[in-house]
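> just to be clear, the model below is a prediction. Sequence and coordinates:
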Amino acid sequence: MSFNLDDVQIGGTLRVGTGVCPAIKDGDEGINGAVYAEGPVTFGTQQAFPQEQATLMVARTENKDPDCEPADRSLYVKGNTFMEGDDGTSNALNVSGDTNVTGNSHVTGNITTGGDLTVGGFASWSGSIVATTKLFDIEHPVDGEGTRLAHGCLEGPELGVYCRGRLKREKEIYLPKYWKGLVHTNSISVQLQPVGAHQDIIIKRWDDEKIYLQSKGGMPIDCFYHVYAERKDTPALTVEYKGEKGDAPKGDVYPNIITT
């Protein structure tokens, strides 16, 4: 049996299906204007879903009413949204197509991309980013609009950091204060480039605060420097392994450290 009605106005709750739904309450405590549907429920184009694919299926509007102007979106949410996955599928969220985020993104876990990942703002996550390549792509700072500047990320077999600079008339390179808690001291390596003349500079020793230099005959030192080190706040990078992308084991072995 079916009913054809022009307009329906419900002052209380609308229930489709059987059973009690705690979220909208029941009886005298029922929330006016609330809706419960046992599902599946479909909105939008009638033929968009050939079979039941979800409890709620939303497609683009194809209403033929002359007063209806179908929007270019199937779903528009104003306000905060929370998504809690379960074991129904392998991923709580699957997106086919481009995604644009205006604002900050905070990710706890790993990010694995099979294509391009473009972030126009600040992105923060606790975990690893797994990608084929890493680069930045920005508007050209000199040629301006219509021209882009792209740089790739230098790759290496370690999770490393560096500092660089110029030393003039000094014999000690001061390392960043935070390196003491960030890097393995024994993993530090230094490259020096004398400026102006050969000075026969050598590295006498180093610790977690300074690099100590010595020049021929004690002549004043003038040089550029690069200092590299491997991080100790995260497990070392496993360079070669068997498995799928992103499955590298997280061990406690630091293969790049030179033990003295």
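Sure thing, it's come through. Numbers count the residues shown, from 1 in each chain.
> if I've got this straight, Glu84 is in a helix?
No - using DSSP: H, G, I helix; E, B strand; the rest coil, the assignment for Glu84 is coil, not a helix.
> hang on, it packs against Ala92?
Yes - under the criterion of C-beta atoms under 8 Å, Glu84 makes contact with Ala92 at 7.4 Å. (Glycine included, C-beta is placed from N, CA and C.)
> which one of those two is surrounded by more residues?
It is Ala92, of Glu84 and Ala92, that has more neighbours when counted by other C-beta atoms under 10 Å, with 10 against 5.
> give me the distance between the closest residue to Thr147 other than its chain neighbours and Asp116.
Using C-beta to C-beta, 6 or more residues apart in numbering and skipping the chain neighbours, the partner closest in space to Thr147 is His140 (3.9 Å). As judged by C-beta to C-beta, to the nearest Å, His140 and Asp116 stand 19 Å apart.
> gap between the two ends of stretch 150-170?
37 Å (C-alpha to C-alpha, to the nearest Å).
> and that stretch, what's buried?
Residues of stretch 150-170 classed as buried: 158-160, 167 (neighbour count, 16 or more other C-beta atoms under 10 Å).
> in helices only, show me these.
Using DSSP state H, no member of the buried residues of stretch 150-170 falls in helices.
> make TSV out of those and add distance to Asn186 and pLDDT.
Shown next, in TSV, are those (distance: C-beta to C-beta, whole Å; pLDDT from 0 to 100):
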residue	distance to Asn186	pLDDT
Glu158	13	91
Leu159	15	90
Gly160	13	93
Leu167	22	97
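> can you tell me which of those is nearest Thr61?
Leu159 (49.4 Å; C-beta to C-beta).
> OK, contacts around the closest one?
Leu159 is in contact with 230-231, 234, 236-237, counting by C-beta atoms under 8 Å, 6 or more residues apart in numbering.
> if you rank those residues by neighbours, which is first?
Glu230 (24 neighbours).
> hang on, isn't that one packed against Pro157?
No - using C-beta under 8 Å, Glu230 is not in contact with Pro157; the gap is 9.9 Å.
> let's have the contacts of Leu159 in CSV, adding secondary structure and distance to Thr133.
Output for these, formatted as CSV (DSSP: H, G, I helix; E, B strand; the rest coil; distance: C-beta to C-beta, whole Å):
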residue, secondary structure, distance to Thr133
Glu230, strand, 22
Arg231, strand, 21
Thr234, coil, 21
Ala236, coil, 22
Leu237, coil, 16
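> could I get the contacting residues of Tyr162?
Applying C-beta under 8 Å, 6+ apart, the residues near Tyr162 are 226-229.
> what about it, helix or strand, and which?
For Tyr162, the host element (DSSP states H and E) is strand 160-168.
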